[in-house]
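> The amino acid sequence is not available; the structure is as follows:
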Ligand code: CUA
């Protein structure tokens, strides 16, 4: 590239003033890049997990390099626009410029080194944050249109002090028999400080993405596959969970929100100060619902449906639900007019079908979005209790 005709510097003899300018510009670019990388992280959410520091360091490193490249490109662009602009009466063509081997080598080799360094560094962070940790708390997470549910598994070793297997209902005993376990579902993820958590993500419908900004984890849920992701919370608190993959009309509802009365709606991570508090305030009360189910089917159904994440789509005043993606469930037992259209003989059958095969009959004005709940997710007995509760609404 021969720019000599358009500069005042004779070819091959860069003057001292120009050298000083190049050095000053180079320093400005480097310091500017570092400044961008130092200041920008102030807009990031708090670092809630042990892994967050590594992720943020990598981000800051990439930001410094990106910032320098940005300043270099914009600087050269601005300089060229001013320095090499045509005079008002100059209608001639620019000089014909052919290849410049040195320049091409420079702009190939430097980016290659940058990309290689970033690849090695990123891979290292990836491996570190994915490593299997001792004593992981395993939680199965189901993301489906349009809610998250968290399944906790208990073995006989997890029973509260003073509760023996023999003291439990026969049905519950049978679940525990032969190394089996019982599980309960919550629409929130509870854990405690410094406890490594492994979440196993699955989806029965379309792809979603499980994102906890404060924990710096974001992982796609792929249909037909189980994906694990880990984090270790380091601070007591309440952290928002968000779906980061456009999954349909209720996508925005797959995020933790705060209700008008200050209650937590949707999916949140609750980090307790220690395991004892976690067990006392969350785990045992939830487990007790499963191992000591109420006799009254209506009360049992109310408990069961509360643990499901139906609230993000449906409205039900008794439970404080305000969802609008699916039909309003208040007064559901009075919707006689839907019975004939749905082809079911009784209301109970209609509700049963609406949960097992939601697509079989669609309430007028609503799309086929609700996932079918299999017997693996809600047993037939549990479903009957839920229907008994809905019939009272
Ligand atoms: Cu689930 Cu977006």
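It's in. A quick note: this is a predicted structure, and the numbers were derived from the prediction, not measured.

> tell me the secondary structure for the most centrally placed residue in the chain?
The structure's the chain has its C-alpha centroid closest to residue 211; by C-alpha atoms, centre = their mean the separation is 1.6 Å. Under DSSP: H, G, I helix; E, B strand; the rest coil, residue 211 falls in the strand class.

> so who does it touch?
Shown in contact with residue 211 (C-beta atoms under 8 Å, 6 or more residues apart in numbering): 217-219, 241-244. Just so you know, the C-beta spots here come from the backbone N, C-alpha and C atoms, and that holds for glycine as well.

> can you tell me the distance between the two ends of stretch 175-186?
19 Å (C-alpha to C-alpha, to the nearest Å).

> Show me what counts as buried in it.
175-176, 182, 184-186 (16 or more other C-beta atoms under 10 Å).

> go on, stretch 308-325?
Within stretch 308-325, judged by 16+ other C-beta under 10 Å, the buried ones are 308-316, 319, 321-323, 325.

> Show me where the chain has its helices.
Ranges of helices within the chain are 16-39, 52-83, 101-130, 170-176, 275-278, 284-291, 297-307, 336-342, 347-356, 380-391, based on DSSP state H.

> how much does the longest one deviate in direction from helix 16-39?
Which is helix 52-83. 150 degrees (axes from the mean of the first three to the mean of the last three C-alpha atoms, to 10 degrees).

> nearest residue to the residue of the stretch 1-150 of the chain found nearest the ligand other than its sequence neighbours?
With C-beta to the nearest ligand atom as the measure, residue 143 is the residue of the stretch 1-150 of the chain nearest to the ligand, at 5.7 Å. Take residue 143 and drop its neighbours on the chain: the residue closest to it by C-beta to C-beta, 6 or more residues apart in numbering is residue 208, 3.9 Å away.

> give the contact list for the one you found.
143-144, 220-221, 243, 245, 247, 254.

> ok, back up a step: look up how far the ligand lies from the residue nearest to the centre of the chain.
Taking C-beta to the nearest ligand atom, to the nearest Å as the measure, residue 211 falls 10 Å from the ligand.

> Quick check: the gap between that residue and residue 80.
41 Å (C-beta to C-beta, to the nearest Å).

> re the thing from before, hey, what's the residue nearest to the centre of the chain bridged with?
Listed by DSSP bridges, the beta-bridge partners for residue 211 are residue 218, residue 242.

> if we can go back for a sec, who does the residue of the stretch 1-150 of the chain closest to the ligand form a beta bridge with?
residue 148.

> my guess is it meets residue 210, correct?
Yes. Using C-beta atoms under 8 Å, residue 143 is in contact with residue 210, at 6.2 Å.

> Which residues are in contact with each of these two?
The contact lists of residue 143 and residue 210 share 201, 221, 243, where a contact means C-beta under 8 Å, 6+ apart.

> As a markdown table, these with neighbour count and pLDDT would be great.
Conversion of the shared contacts of residue 143 and residue 210 to a markdown table gives the following (neighbours: other C-beta atoms under 10 Å; pLDDT from 0 to 100):
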| residue | neighbour count | pLDDT |
| --- | --- | --- |
| 201 | 22 | 94 |
| 221 | 26 | 94 |
| 243 | 26 | 94 |
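
> Keep only those of these that are also close to the ligand.
residue 243 (C-beta under 6 Å from any ligand atom).

> so where's the stretch 151-300 of the chain uncertain?
Where the stretch 151-300 of the chain drops to pLDDT under 70, the residues are 171, 178-180.
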